[in-house]
Every structure is written in C-alpha cells, then in structure tokens.
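Give me coordinates for this.
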Amino acid sequence: MIPTSTATILLAPIGAFDADILSVVEKMVPRTFGLPCRIGPLLDDIGFAWNAERGQFHSTAIIAKLSEAAPLDVFK
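Got it, this is the predicted structure:
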C-alpha cells in the first residue's frame, strides 16, 4: 500500500494494556498500513459512553471523543 497521507496512526489504549503487546502492534502497523505509528493516551475513562439500558458502551460517543482529542497529525 502506498501512503496517500503523511498522517500518523495513533494507538490510544483505554485501560491497562500489556506494554509488550502494544509495542508489537506499534511495529506491525507501519508494515501493514504503510504509515508511521505511535502510542499515546487520548481518553482516561469511557464511563461517559456507558448505556445502562443496553448494558454496553456507545461506540459512536467514544469515537467522537477520540476524534476531538486526537492531535492534528494523526489519521482519523
């Protein structure tokens, strides 16, 4: 795949993740997508998106907050 952008892919883990796993994913992303990758926090908590009636998180709300918090140089 030829990169069509100079954007970076940002891995933004929410909660606890094994650092070794994140490191492997960070190395695999450029090989797979042809774009640079880095790891960085965007959201500390996703409780705002909990829907008790459905018993699950509202993914659209989480994605919107991630998009708002993402730096300008990352792929959205």
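
State the number of residues packed around residue 55.
7 (other C-beta atoms under 10 Å). C-betas here are computed from N, CA, C, even on glycine.

Can you pull the phi/psi pair for it?
phi 70, psi 30 (degrees, to the nearest 10).

oh, and call the first residue 699 from now on, that's how I've got it
Will do, 699 is the new start, and the previous item becomes residue 753.

can you map out the helices along the protein?
717-731, 757-767 (DSSP state H).

Residue 769 against residue 710, yeah?
No - judged on C-beta atoms under 8 Å, residue 769 makes no contact with residue 710 at a distance of 10.4 Å.

neighbour-wise, which of those two wins?
Just comparing residue 769 and residue 710: by other C-beta under 10 Å the higher neighbour count belongs to residue 710, 14 against 11.

Setting the sequence-adjacent residues aside, check what's closest to residue 749.
The shortest distance from residue 749 to any non-neighbouring residue, by C-beta to C-beta, 6 or more residues apart in numbering, is to residue 756 (5.2 Å).

if we can go back for a sec, and the helices of the chain as CSV, adding mean pLDDT and mean neighbour count?
Shown next, in CSV, are the helices of the chain (pLDDT from 0 to 100; neighbours: other C-beta atoms under 10 Å):
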stretch, mean pLDDT, mean neighbour count
helix 717-731, 95, 12
helix 757-767, 96, 12
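
what about the residue sitting furthest away from the middle of the chain, distance to residue 744?
For the chain, the largest distance from the centre (C-alpha atoms, centre = their mean) belongs to residue 751, which lies 26.1 Å off. Residue 751 sits 17 Å away from residue 744, going by C-beta to C-beta, to the nearest Å.

what do you get for residue 726?
For residue 726 relative to residue 744 (C-beta to C-beta), the value is 25 Å.

Kindly confirm whether my reading is correct that residue 707 touches residue 732.
No - Residue 707 is not in contact with residue 732 according to C-beta under 8 Å; the separation is 9.9 Å.

Just want to know which of those two has more residues nearby.
Neighbours per residue (other C-beta under 10 Å) separate residue 707 from residue 732, with residue 707 holding more: 17 against 13.

Right, I'll leave it there.
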